[in-house]
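Student: Build me a model:
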Amino acid sequence: MSAPRSEPSTKPKVVCCIGDIHGHINKLQSLWSNLQSQIDPQDFKTALIIFLGDYCDRGPHTRQVIDFLIRLPTTYPDQTHVFLSGNHEFAFAAFLGVLPRPPDEGFEFSEAWKEYEGNEEREGWFTGNGYEDMHLQGRMWGGTTKDRFDAYGIEFMGSVYDSGPTFESYGVPHGSADLVKAVPDEHKKFLADLVWVHEEDDVCVETDDGLLHCKLIAVHAGLERDKNVEEQLNFLRARDTRVPKVEALSGKKNTWDIPKELTENPTIVVSGHYGKLHVEGLRLIIDESGGLEEKPMAAIVLPSMKIVRDTDVLAK
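Tutor: You can find the predicted model right below:
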């Protein structure tokens, strides 16, 4: 007798969305270990892992974090890894001069400084070697702010981006142009290759009514509420650096909600960025720590919608 034919598996793919890391290698390693422990081994082996951005700044180990991320595709070859740019990586890449060049021939990044020049003195924009055609965010990132505390009462670490610890992780003092030489080429390539948006056509979410099949859009801060979605996605896919600030990576108020046109067909919009953990319907904001040492680093696993943290204590 021939063996019975097995039915094709319809088990939905596991997707892990990992929130902001901000230079905390120990938290990242603990979170990764907990994900590995809490997800079925075969599912973890083939999972789609989406990192939601902000790998650098605030914490002390940016260099080690980027080393960890770069090694993942070799260590876990059957997984799919997506590395989104956060506003912090955009600014780090701008300082290093590895942002994508604008499509306009002859466009100089300095053309976009004007809109925010009223902030230059207070934010202490970078004026060292190479600043003349540096993207605005790179100048902000490498500068030295005159403000001591941010809007939340937390002391700045060098610049408005808290980039001091990133410089130190590469062995150079904050604000030094020597960082460009100190960052290894493979780290520059990692930063240069980061995507601004990631889209998946069929991701499942468990609901009270069973599995819901959704489109998924992952972007560091979110999509602007009142702008055409396809135009925004085209801009993000193209990584157009002519603007002084990319709202989908840096915005707060106008990128919090899912744009109305995406509510007509089930669409997950997943982000980091806000220093909050917020799961409401299909709007997922996964950044419980905001880069603060005392707060947990979090991830969300789909389709189960399970939150996993670096601080979870798992039964032996």
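Student: ok, Gly171 to Lys181 distance?
Tutor: Applying Cβ to Cβ, to the nearest Å, the value for Gly171 to Lys181 is 11 Å. Yep, even glycine has a C-beta here, placed from its N, CA and C like the rest.
Student: Now do the SS call for the spatially most central residue of the chain.
Tutor: Residue closest to the average C-alpha location in the chain (Cα atoms, centre = their mean): Gly53, at 1.0 Å. Assigned by DSSP: H, G, I helix; E, B strand; the rest coil, the conformation of Gly53 is coil.
Student: what's the nearest residue to it if we skip its chain neighbours?
Tutor: Gly86 (2.7 Å; Cβ to Cβ, 6 or more residues apart in numbering).
Student: That neighbour: how many residues sit nearby?
Tutor: Counted with other Cβ atoms under 10 Å, residues neighbouring Gly86 total 30.
Student: start the count at 800, not 1, going forward
Tutor: Okay, residue one is now 800; in that scheme the one you just asked about reads as Gly885.
Student: Helix, strand or coil: sort out Ala1047 for me.
Tutor: helix.
Student: Make sure I have this right: His880 is in a helix.
Tutor: No. His880 sits outside any helix when classified using three-state DSSP, being strand.
Student: Give the bridge partners for it, please.
Tutor: Beta-bridge pairing of His880 under DSSP bridges involves Ile848.
Student: Contact partners for it?
Tutor: Ile848, Phe850, Leu868, Leu871, Pro872 (Cβ atoms under 8 Å, 6 or more residues apart in numbering).
Student: I figured the residue nearest to Gly852 was touching Phe850, is that so?
Tutor: No. Between Gly885 and Phe850 there is no contact under Cβ atoms under 8 Å: 9.1 Å.
Student: nearest residue to Phe908 other than its sequence neighbours?
Tutor: Phe908's closest residue in space is His934 (Cβ to Cβ, 6+ apart), at 4.4 Å.
Student: pretty sure the one you found is touching Val1042, no?
Tutor: No. The criterion here is Cβ under 8 Å, and His934 misses it with Val1042 at 9.6 Å.
Student: Quickly list what's touching both of the two.
Tutor: Taking Cβ under 8 Å, 6+ apart as the criterion, His934 and Val1042 both touch Ala911.
Student: Please say which of the two ends up with more neighbours.
Tutor: Neighbour count, other Cβ under 10 Å: between His934 and Val1042, His934 has more, with 25 against 14.
Student: How about the contacts made by the more buried one?
Tutor: Ala893, Leu898, Phe908, Ala911, Thr1040, Pro1043.
Student: What is the neighbour count of the first one?
Tutor: Spelled out, it's Ala893. With other Cβ under 10 Å as criterion, Ala893 counts 23.
Student: Kindly report the same for the fifth one.
Tutor: The local packing of Thr1040 (other Cβ under 10 Å) involves 21 other residues.
Student: ok, now which ones touch Glu922?
Tutor: Taking Cβ under 8 Å, 6+ apart as the definition, contacts of Glu922 comprise Met939, Gly942, Thr944, Lys945, Asp946, Ser958, Val959.
Student: swap the cut-off to 10 Å and go again
Tutor: By Cβ atoms under 10 Å, 6 or more residues apart in numbering, the contact list for Glu922 reads Tyr915, Arg938, Met939, Gly942, Thr943, Thr944, Lys945, Asp946, Phe955, Ser958, Val959, Tyr960.
Student: now swap in Gly1009 and tell me
Tutor: Cys1003.
Student: Likewise for the one 5 residues further on?
Tutor: Lys1014 is in contact with Glu998, Glu999, Asp1000, Asp1001, Val1002, Leu1061, Asn1064, Pro1065, Thr1066, Ile1067, Val1068, Leu1081, counting by Cβ under 10 Å, 6+ apart.
Student: And Ala981, how far from Glu1063?
Tutor: Following Cβ to Cβ, the distance that separates Ala981 from Glu1063 is 49 Å.
Student: Brilliant, that's me finished.
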